[in-house]
Every structure is written in structure tokens, then in C-alpha cells.
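> got a predicted structure here, sequence first:
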There are 2 protein chains.
Amino acid sequence: MQASEAKWTDLEKKIARTAFDKAYKREVEALLKQVRAEAEAIAEVKDLWRLHDFLSAKRHEMEGKYDYHYSTLIFIFAGLLKEGWLQMSDLEGLDRDKLAKVAALARM
Amino acid sequence: MQASEAKWTDLEKKIARTAFDKAYKREVEALLKQVRAEAEAIAEVKDLWRLHDFLSAKRHEMEGKYDYHYSTLIFIFAGLLKEGWLQMSDLEGLDRDKLAKVAALARM
């Protein structure tokens, strides 16, 4: 599975960027909602440091995950699909081979 | 000013511990309130990472500041007094020399 060697047409690049941004937006919105709810429930200092640990982990995870490179985009999309931040329909317009790879990786 | 060589009677230790815990409680309560308000105002991801940075700094600061040792207690109390988490009245019962040192350091 030589995803890194796949060529991306201009149209595919546009579709990919839109899907990527959409997933990011969805995940950020869910995260903001979760943090607001958790912050509201903070009752003591250990809840605060738990929130801090959560944010540290999440920030690290997000920075690693949303790193846009064509060489790794197939894997990124597969991960986002698996986690529910993307649907296959968001990727419509990519060539069949890429879609098949994304779908196969997402099932792993 | 050899604060580290000061002797603490049992009564003074009790007073010191109570004052220390009181300051900690006050500062934590103010912090919880502030974090809840800031979390409520989070609108985008950069607000979230700003909150994360704030919590990182605050956690580090709190862990350093509330480190209970008799050898450094005079300095700790002076700092807490300066920041408003303690009043001189919270330290009533400590010997005059200690109170004078705390007050002098707090003015620096």
C-alpha cells in the first residue's frame, strides 16, 4: 500500500483540504463543548489538574493528528474516519484507489 | 535575617499550618472561579490552548509556592501576604520576631 506515492490532482487537493478542515472543525467543536462542561463541574483543585492533564494530552494528540502532508493524508483520513470525524461522503471526488485505501485502513 | 533558624513551638506550628491551609484554600477558590469563567468564554481552539498554558503556569506556580517547610515558612507567608492570600491577623499567635520578619519581607 504505497499511499505516499499517490498523486493528487488539483481537484483532489481541494477536496482533501475541505475534508481535513471539516474534520478538524468537528473535533474542535466537540472538544470545546467537552471542556466547557468539564470546567463547569470543577469542584476542587484535583479536578483542575485533571483538566490540565486532559488538555496537555489533547493538545499533543491534535497537533500530531492534524499535520497536513499529502504523503500521509491517506492515513490521516483513515484515522479520522475511524474516530468519526469524517465520513466517506466527505471524501467524494477522490480517485477510487485512494478511497479504497482509506476505507481499508479505517477498518484495521 | 536568619529565618531558617527560627524555632517553632507546637502552638506556632498549629497556627502556621492553619494559616497556610487557609491561604491555599483562598487561592484555590479564586483559581477555580477564574477557570470556570474562562472556560465559559472559550470560543475557539486558541482560547483552549491559552487556558492550557495558563493552567500549566499556575500548576507549576502553586506546587512551588505551597511547599510546607519550617525553614522557608517565613518567606512563604511573606509572599502570601503580599499577594493577598493571607492577612497579618491570620498569623496572630506567632512570636513577635517572626511576625516582624514576615511583615518586613512582605513590604520588599
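All right, it came through fine.
> helix or strand: which one has whichever residue of chain A sits closest to chain B?
The nearest approach of chain A to chain B comes at A:A39, 3.0 Å away (Cβ to the nearest Cβ). Bear in mind the C-beta positions are built from the backbone N, C-alpha and C, glycine included. Applying DSSP states H and E as the criterion places A:A39 in helix A:10-40.
> so after that helix, what's the next helix or strand?
Using DSSP H and E, the helix or strand that follows helix A:10-40 in sequence is helix A:45-65.
> list the buried ones in that next one?
A:45, A:48, A:51-52, A:55, A:58-59, A:62 (16 or more other Cβ atoms under 10 Å in any protein chain shown).
> go back to those residues and keep what's next to chain B.
Contacts with chain B within the buried residues of helix A:45-65, counted by Cβ under 8 Å from any Cβ of the partner chain: A:45, A:48, A:51-52, A:55, A:59, A:62.
> just the closest of these to B:T72, please.
Closest approach to B:T72 among those (Cβ to Cβ): A:V45, at 21.2 Å.
> and the helix holding A:A39, what does it pack against?
Taking 3 or more Cβ pairs under 8 Å, 6 or more residues apart in numbering or on different chains; DSSP states H and E as contact, the helices and strands that helix A:10-40 lies on are helix A:45-65, helix A:73-83, helix B:10-40, helix B:45-65.
> quick check: buried residues in stretch A:21-36?
For stretch A:21-36, by 16+ other Cβ under 10 Å, it's A:23-24, A:26-28, A:31-32, A:35-36.
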